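Asks: Quick one: sequence and predicted model below, then my questions.
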Amino acid sequence: MSAELGPKRLGLLKEIVPQAARYAALINPDAPASNSDIAELRAAAAGVGRQIEIFTASSTREIDAAFTNLVQRGSDALVVGTSSLLNSRRVQLAMLAAYHHLPAIFYDRRAAEVGGLMSYGANIVDASRQAGIYAGRILKGEKPADLPVVQATKFEFVINLQTARTLGLDVPPTLLARADEVIE
């Protein structure tokens, strides 16, 4: 489902940086959803009349190289893809985005908590609760094949207002009103 949220993330980024013409997406090509992430982001960018360039990284060193490349190519804003590697490097990514004055949106709220501009994705606490319920049902004897597929139903949008100020961005009041949390 995370790939389906790429267009939503791109739309939120467009709202906070309406003048951005060139978007970049940082994707881990080894992640299972990478192909669908790329396809969804390209379609969403075309839908809003913007360009998006895909950069890939599957290691810490490649993240640094991709960032150098996307900055040199004149990217105005960044969508960080969904992968455990990119999420585990959220501090590095938030610092690189801040250093290069590049507005970025992530899928995990913890990225906004460490200095990323925004995040939009599934509520991790709710997803963990759902996983616990599933594990409990299996431990009580239900067969995993008999259990229904459950997708996230709770999503959260977090804005780091301090990062927005550092980047010189005015966050529209309508965007602030939709945020589940605003980090001051």
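Replies: Yes, it's here.
Asks: Show me how the record splits this protein into domains.
Replies: Domains of the chain are assigned by automatic domain parsing as 2-122+155-183, 124-153.
Asks: right, and the helix or strand after the helix or strand of the chain at the bottom of the mean pLDDT ranking?
Replies: Lowest by mean pLDDT, DSSP states H and E among the helices and strands of the chain is helix 124-139, with a mean of 77. Where DSSP states H and E defines the elements, the next helix or strand beyond helix 124-139 is strand 155-160.
Asks: Spatially nearest residue to residue 102, not counting backbone neighbours?
Replies: Of all residues not flanking residue 102 in the chain, residue 78 sits nearest, at 5.4 Å (Cβ to Cβ, 6 or more residues apart in numbering). To be clear about C-beta, it is placed using only N, CA and C from the backbone, and glycine gets the same treatment.
Asks: going on from whichever strand or helix holds the one you found, what's the next piece of helix or strand?
Replies: Per DSSP H and E, residue 78 falls inside strand 77-80. Using DSSP H and E, the helix or strand that follows strand 77-80 towards the C-terminus is helix 84-88.
Asks: what does the following helix or strand past that following helix rub up against?
Replies: Sequence order places helix 90-99 as the next helix or strand after helix 84-88, per DSSP H and E. Residues outside helix 90-99 that contact it (Cβ atoms under 8 Å, 6 or more residues apart in numbering) are 26, 60, 63-64, 67, 78, 80, 86, 102-104, 106, 108, 110-111, 114-117, 163, 166-167.
Asks: what's the average pLDDT for helix 90-99?
Replies: Taken as a whole, helix 90-99 carries a mean pLDDT of 95.
Asks: So the residue nearest to residue 102 is in contact with residue 20, correct?
Replies: No. Counting by Cβ atoms under 8 Å, residue 78 stays clear of residue 20, with 9.7 Å between them.
Asks: Of those two, which one has the most company?
Replies: A direct count of neighbours by other Cβ atoms under 10 Å for residue 78 and residue 20 places residue 78 higher, at 26 against 18.
Asks: Now do the contacts for the spatially most central residue of the chain.
Replies: By Cα atoms, centre = their mean, the chain has its centre lying nearest to residue 106, at 2.4 Å. Applying Cβ under 8 Å, 6+ apart to residue 106 gives the contacts 80, 87, 90, 93-94, 112, 116, 118-119, 121.
Asks: Next, the buried residues of stretch 157-164.
Replies: Residues 157-161, 163-164 are the ones in stretch 157-164 that count as buried (16 or more other Cβ atoms under 10 Å).
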